[in-house]
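Novice: Model the following, please.
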Amino acid sequence: MADNQTPSIWYKLLIQYPSEWNEVIYYLYGDQIRSLILEDEFEHIRRSLDRCFPWSDGRSLEIKGIINQIGGFPPWPKDGSSALESFMDFRKISFSDNTAFTDLILIGANFEKATFEGWSDFQNTTFLGLTHFDKVKFTGIRSSPAKKHSIVSFENSIFEHTVYFDQASLPRTFKFESTYFKGAAYFRKTEFHSHDFGSVSFNNAKFKSVCDFTSASINSDIEFKTTEFCDNTRFVETSFKSNVNFSGAKFKNTTSFRKAKFDKMPKFFETEVHEDVDFSNVNWDDAEYCYSQFMRFKHKKEYDIFLEEVENAIRAWDRLALIMGEQEKLHERHAFFRRRMRAERVRDGKWAISSIANKFYELLSDYGWGAGSAFFWWAGHIIVFALILFCVNIALDNSSLEHLKLFGGSLLASFSNSLSFLGLTDIHLQSVHSMFEGQLVYSIIGTIQAILGPVFLFLLLLTLRNRFRMK
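Specialist: Alright, predicted model coming up:
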């Protein structure tokens with residue numbers, strides 16, 4: 001920032017002469033601005049500015065008069081665009097009234113720790129150079145004339161360079177629809193406030209460079225429909241506390257949701273995801289609870305709402321499982337499959353036959369993924385029935401065998417019963433079978449294990465297959 005520049009210069013120009021802003025800027029820095037906006041995406045801006053010229057003698061005098069009245073405008077940095085940071089300094093300024101930056105050109109704008117008490121309109125604004133909104137606060141004390149709550153709009157705006165919204169406090173309605181972020185966009189530790197009628201929209205926005213929402217707290221509904229993420233995208237440890245919609249979005253580079261937290265089901269319908277996408281350690285507990293709680297409190301009048309909520313959850317889990325399947329990420333795919341199965345159980349009702357079977361499938365093998373659980377049930381039933389057989393023979397004193405030998409025989413007998421379809425008793429374990437031949441308890445145990453053994457073994461083999469298959 002030039003030594004002769006004070007933070008009030010640009011604020012005075014904005015408040016006193018908002019309609020003449022672009023003409024003043026172009027009069028002062030026309031050649032330099034043209035050098036920054038010759039690229040195709042800024043062609044419409046260049047044409048718009050060119051229409052300012054040639055000025056009539058009267059208009060030229062008016063613009064000069066405004067410049068002289070405000071005074072103190074800084075010269076263009078000798079180092080060019082690389083020295084434009086904080087060129088237009090709005091730091092710590094409190095905008096107490098409704099503020100419109102519509103269609104303005106802002107050069108190296110710095111709004112760090114500024115406060116906007118009313119609605120703020122940045123529609124079609126062009127941000128040249130590095131832009132800062134760090135720790136800015138949109139308090140919404142004054143409302144928009146069209147809304148009953150605060151609103152900030154950056155619709156159709158262009159950020160030519162990196163923009164920072166780090167630790168900013170953003171209002172209940174915040175619009176970045178069709179906004180073009182040419183440079184990196186940082187929303188780290190940013191807080192998006194909540195409101196019954198508010199939302200945040202990045203629909204149709206384009207992030208050409210890095211997009212970083214690390215540790216952001218998003219308390220209101222947020223949409224990224226048909227948004228394009230061209231570079232690294234980070235939602236690491238981001239907290240989504242309301243509805244989030246990525247439908248139709250395109251993630252073209254590395255994307256991370258690691259340790260993010262979703263309180264409601266995210267929507268990824270018709271979303272294109274890069275092969276390097278990370279959903280590790282995401283907290284989905286509240287996303288599942290938000291619809292499963294209806295099973296406890298639902299009434300007849302709420303049934304339609306409940307059913308729609310669960311059906312949407314099933315579709316959302318299924319879509320995420322499909323995306324992970326296409327990326328051949330088997331662990332993540334099966335994790336979403338398991339959540340879909342639990343949602344189906346909620347939809348069908350606690351005592352439906354399908355729900356009971358569903359619950360047993362989860363209990364016995366975690367839906368074909370819990371190898372440890374499946375092995376526990378398979379090995380456990382062998383040991384339990386061996387103990388029963390051993391204890392019965394001890395209690396009845398039907399055996400003169402040593403206890404250790406009797407227990408070993410009971411274990412082998414239980415094992416062979418669980419694999420009765422292989423015929424081990426008849427071929428290899430005839431001596432063991434003869435130890436308990438004629439006992440009613442042995443026949444009963446054998447019948448039960450002939451049913452349970454293959455089931456437990458199948459689930460164990462299924463979990464091993466699911467975990468270790470190549471595709």
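
Novice: from here on, contacts and neighbour counts on C-alpha atoms
Specialist: Noted.

Novice: and the helix or strand containing Leu462, what other elements does it pack with?
Specialist: For Leu462, the host element (DSSP states H and E) is helix 440-468. The contact analysis (3 or more C-alpha pairs under 8 Å, 6 or more residues apart in numbering; DSSP states H and E) places helix 440-468 against helix 353-365, helix 371-396, helix 403-418.

Novice: Turn those into JSON lines, columns for mean neighbour count and distance to Ala168.
Specialist: Output for these, formatted as JSON lines (neighbours: other C-alpha atoms under 10 Å; distance: least, C-alpha to C-alpha, whole Å):
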{"stretch": "helix 353-365", "mean neighbour count": "16", "distance to Ala168": "43"}
{"stretch": "helix 371-396", "mean neighbour count": "18", "distance to Ala168": "46"}
{"stretch": "helix 403-418", "mean neighbour count": "21", "distance to Ala168": "63"}
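
Novice: Could you export these as CSV, including distance to Met341 and mean pLDDT?
Specialist: Below are the helices and strands packed on helix 440-468 laid out as CSV (distance: least, C-alpha to C-alpha, whole Å; pLDDT from 0 to 100):
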stretch, distance to Met341, mean pLDDT
helix 353-365, 7, 93
helix 371-396, 17, 89
helix 403-418, 29, 83
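
Novice: Can you add distance to Val200 and give the ones you listed back as JSON lines?
Specialist: Formatted as JSON lines, those follow (distance: least, C-alpha to C-alpha, whole Å):
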{"stretch": "helix 353-365", "distance to Val200": "38"}
{"stretch": "helix 371-396", "distance to Val200": "42"}
{"stretch": "helix 403-418", "distance to Val200": "58"}
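
Novice: so which of these comes closest to Ile448?
Specialist: Proximity to Ile448 (C-alpha to C-alpha) singles out helix 403-418 among the helices and strands packed on helix 440-468, at 8.7 Å.

Novice: re earlier: of all the helices and strands packed on helix 440-468, which one is nearest Ser19?
Specialist: So among the helices and strands packed on helix 440-468, helix 353-365 is nearest, using C-alpha to C-alpha, at 65.6 Å.

Novice: when you compare where that closest one runs with where helix 440-468 runs, what's the angle?
Specialist: With axes from the mean of the first three to the mean of the last three C-alpha atoms, to 10 degrees as the basis, helix 353-365 and helix 440-468 are set at 80 degrees to each other.

Novice: centre of the chain versus helix 353-365, how much separation?
Specialist: What separates the centre of helix 353-365 from the centre of its chain is 29 Å, taken as C-alpha atoms, centre = their mean, to the nearest Å.

Novice: How about residues contacting it?
Specialist: With contacts defined as C-alpha atoms under 8 Å, 6 or more residues apart in numbering, helix 353-365 is touched by 341-342, 344-346, 348-350, 367-368, 371, 373-374, 377, 456, 459-460, 463.
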